[in-house]
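>>> can you look at this prediction? I've put the sequence above it.
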Amino acid sequence: MIFIFASLLYILISVFINEFIISSELYYNTYADQLSIDRINKLIHLKDKWEWTGYALIPVILFIKLLLITLSIEIGVILLDYKVSFSQIFRVVLIAELVLIIANIVRNTFLFFLDFDTLDEIYNFYPLSILNLTNSKSVNIWLVYPLKLANVFTIIYFIVLTNGLSFILRKKPARVLLFSVSTYGLCLLVWTMLIMFINIYFS
C-alpha cells in the first residue's frame, strides 16, 4: 500500500510539473539558439505525445530504485551476519522514500511561485541545497548534480533510513549510521559518479 501511495504521489508530481511548470515558452527559451522553431515545435509535440509513457514507467523506475538500495543494504547485512529479512529492509527503504517525495513537493511549490526562463534553470533549482547557495550558471556541469544532492532533505533521508534500520536491527542509531553510510552511502556515491559522467559526456 505504501508503494502504491508513493507511486501515485510521484505520478501526481509529474503531472503537476508538465501541466503547470514546464510550458512551451520554456522550450523556446532553452533551445532558441540551438534549434529552429519547427524543430522545437516537434520536440514539444513528442513530449506531449509520450507523456503517458513517462507516467506509466514511474512505478517501475521507483521499484528498481528501491530494490537497488535494498540490495546494497542487504549485502552489508549478509557480510555482518545481521538477522533481518529482505522485506523488512525494503519496507524501511520505502518509508524513507517518503522524505524524498516531500522534498519533491516542496521543490515544485517553489517552482510554481518563482519565475524561470529556461529548462536548465528549473533542472538546476533545488531548495535548501548547496547549489542554490551559489551561482548555478558559473558551476561546472559535472558539479551540478552532487551540489543539488547536498541538501537538507538528503540529510533527513539518512536520518530516517538510519533510525528505521536501527529499529529492525535492534541496534543504537549511532552504530547503524556507519552501516548506512557504508551501504546506501556507497550506492549513492556510485550513482552520483554515473550521473556526473553522463553530464560531462553529453555536455
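Received the coordinates, thanks. What you see is a predicted model, and the numbers here were worked out from it, not measured in a lab.

>>> quick check: the residue lying closest to residue 3 once chain neighbours are set aside vs residue 78, distance?
Taking CB to CB, 6 or more residues apart in numbering, and ignoring the residues beside it in sequence, residue 3 has residue 94 as its nearest neighbour in space, at 6.0 Å. Any C-beta I mention is one placed from the backbone N, CA and C, and that applies to glycine too. Here the criterion is CB to CB, to the nearest Å. By it, residue 94 lies 20 Å from residue 78.

>>> which of these two has more residues huddled nearby?
Of the pair residue 94 and residue 78, residue 94 is the one with more neighbours under other CB atoms under 10 Å, namely 19 against 9.

>>> the spatially closest residue to residue 97 that is not a sequence neighbour and residue 156: what is the separation?
Residue nearest to residue 97 in three dimensions, not counting chain neighbours: residue 6, with 5.8 Å by CB to CB, 6+ apart. Using CB to CB, residue 6 is found at 16 Å from residue 156.

>>> more crowded one of these two?
residue 6 (21 against 16).

>>> buried residues in stretch 165-184?
Residues of stretch 165-184 classed as buried under the neighbour-count rule (16 or more other CB atoms under 10 Å) are 165-166, 168-169, 176-177, 179-180, 183-184.

>>> show me where pLDDT drops low in the protein?
Under the criterion pLDDT under 70, the flagged ranges of the chain are 136, 202-203.

>>> skip the chain neighbours and tell me the closest residue to the residue nearest the centre of the chain.
Geometric centre of the chain, nearest residue: residue 100, 7.0 Å, by CA atoms, centre = their mean. Setting aside the residues directly before and after it, residue 100 is nearest to residue 157 in space (CB to CB, 6+ apart), at 6.2 Å.

>>> got a list of contacts for the helix or strand containing the one you found?
Here residue 157, judged by DSSP states H and E, is contained in helix 152-169. Residues from elsewhere that reach helix 152-169 (CB atoms under 8 Å, 6 or more residues apart in numbering): 73, 82, 84, 88-89, 92-93, 95-96, 99-100, 102-103, 106, 128-129, 172-173, 175-177, 179-181, 184.
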